[in-house]
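Visitor: could you work out the structure for the sequence below:
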Amino acid sequence: MTDPSPPATLGRAGRDLWHLVQAEYEFGPGEAQLLEAACFAHQRHLEAQAIIDAEGVTVASPQGTKANPAVAVADRCAQTLARCLRQLRIELPPDDLVKLKGGGGRPAVVRRGKAA
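Guide: The predicted structure follows:
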(Lines give C-alpha, C1' and ligand atoms only; values in the text may rest on other atoms or scores of the structure.)
Protein backbone atom coordinates (compact mmCIF):
# COMPACT_ATOMS: atom_id res chain seq x y z
CA MET A 1 0.00 0.00 0.00
CA THR A 2 1.27 3.48 -0.83
CA ASP A 3 1.01 6.73 1.11
CA PRO A 4 -2.51 8.05 0.53
CA SER A 5 -1.27 11.66 0.43
CA PRO A 6 -1.38 13.23 -3.03
CA PRO A 7 1.85 14.46 -4.62
CA ALA A 8 2.62 18.04 -3.54
CA THR A 9 2.78 19.15 -7.18
CA LEU A 10 -0.90 18.38 -7.83
CA GLY A 11 -3.33 21.27 -7.93
CA ARG A 12 -6.76 21.21 -6.35
CA ALA A 13 -8.50 19.31 -9.15
CA GLY A 14 -5.79 16.65 -9.21
CA ARG A 15 -5.86 16.32 -5.41
CA ASP A 16 -9.66 16.00 -5.46
CA LEU A 17 -9.47 13.08 -7.90
CA TRP A 18 -6.60 11.53 -5.89
CA HIS A 19 -8.65 11.63 -2.67
CA LEU A 20 -11.78 10.31 -4.40
CA VAL A 21 -9.93 7.26 -5.72
CA GLN A 22 -7.70 6.71 -2.66
CA ALA A 23 -10.80 6.59 -0.46
CA GLU A 24 -11.95 3.46 -2.27
CA TYR A 25 -8.80 1.65 -3.43
CA GLU A 26 -5.37 0.59 -2.23
CA PHE A 27 -2.46 0.89 -4.63
CA GLY A 28 0.96 -0.60 -5.07
CA PRO A 29 3.83 1.66 -6.25
CA GLY A 30 3.15 1.06 -9.96
CA GLU A 31 -0.53 1.76 -9.64
CA ALA A 32 0.13 4.92 -7.62
CA GLN A 33 2.22 6.25 -10.53
CA LEU A 34 -0.68 5.62 -12.90
CA LEU A 35 -3.06 7.36 -10.51
CA GLU A 36 -0.70 10.33 -10.34
CA ALA A 37 -0.60 10.51 -14.15
CA ALA A 38 -4.42 10.35 -14.22
CA CYS A 39 -4.67 13.16 -11.68
CA PHE A 40 -2.28 15.38 -13.62
CA ALA A 41 -4.20 14.69 -16.84
CA HIS A 42 -7.48 15.55 -15.11
CA GLN A 43 -6.01 18.79 -13.76
CA ARG A 44 -4.59 19.84 -17.14
CA HIS A 45 -7.84 18.92 -18.90
CA LEU A 46 -9.80 21.26 -16.63
CA GLU A 47 -7.23 24.03 -17.13
CA ALA A 48 -7.47 23.64 -20.92
CA GLN A 49 -11.26 23.55 -20.74
CA ALA A 50 -11.27 26.84 -18.79
CA ILE A 51 -9.22 28.43 -21.59
CA ILE A 52 -11.65 27.08 -24.19
CA ASP A 53 -14.60 28.39 -22.17
CA ALA A 54 -12.99 31.86 -22.02
CA GLU A 55 -11.65 32.08 -25.59
CA GLY A 56 -13.84 29.71 -27.59
CA VAL A 57 -12.86 26.77 -29.76
CA THR A 58 -11.35 29.04 -32.39
CA VAL A 59 -8.97 31.96 -32.02
CA ALA A 60 -7.80 34.72 -34.30
CA SER A 61 -4.25 34.57 -35.61
CA PRO A 62 -2.26 36.59 -38.16
CA GLN A 63 -3.10 33.84 -40.66
CA GLY A 64 -6.82 33.99 -39.86
CA THR A 65 -9.08 31.98 -37.61
CA LYS A 66 -7.63 28.73 -36.31
CA ALA A 67 -8.46 26.05 -33.77
CA ASN A 68 -7.69 27.04 -30.20
CA PRO A 69 -4.59 25.02 -29.17
CA ALA A 70 -6.29 24.33 -25.84
CA VAL A 71 -8.75 22.05 -27.67
CA ALA A 72 -5.94 19.65 -28.59
CA VAL A 73 -4.55 19.80 -25.05
CA ALA A 74 -7.98 19.04 -23.57
CA ASP A 75 -8.46 16.11 -25.96
CA ARG A 76 -5.02 14.60 -25.20
CA CYS A 77 -5.54 14.98 -21.45
CA ALA A 78 -8.97 13.37 -21.60
CA GLN A 79 -7.47 10.43 -23.52
CA THR A 80 -4.62 10.10 -21.00
CA LEU A 81 -7.04 10.21 -18.07
CA ALA A 82 -9.26 7.54 -19.62
CA ARG A 83 -6.27 5.33 -20.48
CA CYS A 84 -4.82 5.54 -16.94
CA LEU A 85 -8.15 4.78 -15.28
CA ARG A 86 -8.74 1.90 -17.69
CA GLN A 87 -5.30 0.44 -16.85
CA LEU A 88 -6.17 0.72 -13.16
CA ARG A 89 -9.57 -0.88 -13.87
CA ILE A 90 -11.32 2.05 -12.26
CA GLU A 91 -14.57 3.40 -13.61
CA LEU A 92 -15.80 6.85 -12.66
CA PRO A 93 -19.52 6.82 -13.47
CA PRO A 94 -21.41 10.09 -13.87
CA ASP A 95 -22.50 10.05 -10.23
CA ASP A 96 -18.80 9.88 -9.18
CA LEU A 97 -19.09 6.48 -7.52
CA VAL A 98 -15.79 4.65 -7.92
CA LYS A 99 -16.01 0.93 -8.52
CA LEU A 100 -13.98 -1.91 -10.00
CA LYS A 101 -14.61 -2.52 -13.63
CA GLY A 102 -15.29 -6.13 -14.58
CA GLY A 103 -13.15 -7.84 -17.13
CA GLY A 104 -11.49 -10.91 -15.68
CA GLY A 105 -8.11 -11.26 -14.13
CA ARG A 106 -6.93 -9.84 -10.83
CA PRO A 107 -7.79 -6.16 -10.44
CA ALA A 108 -4.81 -3.82 -10.47
CA VAL A 109 -6.22 -2.10 -7.41
CA VAL A 110 -8.08 -3.49 -4.44
CA ARG A 111 -11.11 -1.96 -2.81
CA ARG A 112 -10.20 -0.98 0.74
CA GLY A 113 -11.05 -3.60 3.33
CA LYS A 114 -11.32 -6.46 0.83
CA ALA A 115 -8.76 -9.08 -0.11
CA ALA A 116 -7.52 -9.40 -3.67
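
Visitor: CA only for contacts and neighbour counts going forward, please
Guide: Noted.

Visitor: can you tell me the helix or strand for the residue nearest to the spatial centre of the chain?
Guide: The residue lying closest to the centre of the chain (C-alpha atoms, centre = their mean) is Ala38, at 3.3 Å. Following DSSP states H and E, one finds Ala38 within helix 29-55.

Visitor: coming back round to it: the residue nearest to the centre of the chain reaches Leu85, doesn't it?
Guide: Yes - taking contacts as C-alpha atoms under 8 Å, Ala38 lies within contact range of Leu85: 6.8 Å.

Visitor: isn't Ala78 right next to Leu46, touching?
Guide: No - contact criterion C-alpha under 8 Å: Ala78 and Leu46 do not qualify, at 9.4 Å.

Visitor: residues contacting His45?
Guide: By C-alpha atoms under 8 Å, 6 or more residues apart in numbering, the residues touching His45 are Val73, Ala74, Asp75, Cys77, Ala78.

Visitor: please pick the buried ones from the residues you listed.
Guide: Val73, Ala74, Cys77, Ala78 (16 or more other C-alpha atoms under 10 Å).

Visitor: the third one and Arg44 touch, don't they?
Guide: Yes - with contacts counted by C-alpha under 8 Å, Cys77 reaches Arg44, the gap being 6.6 Å.
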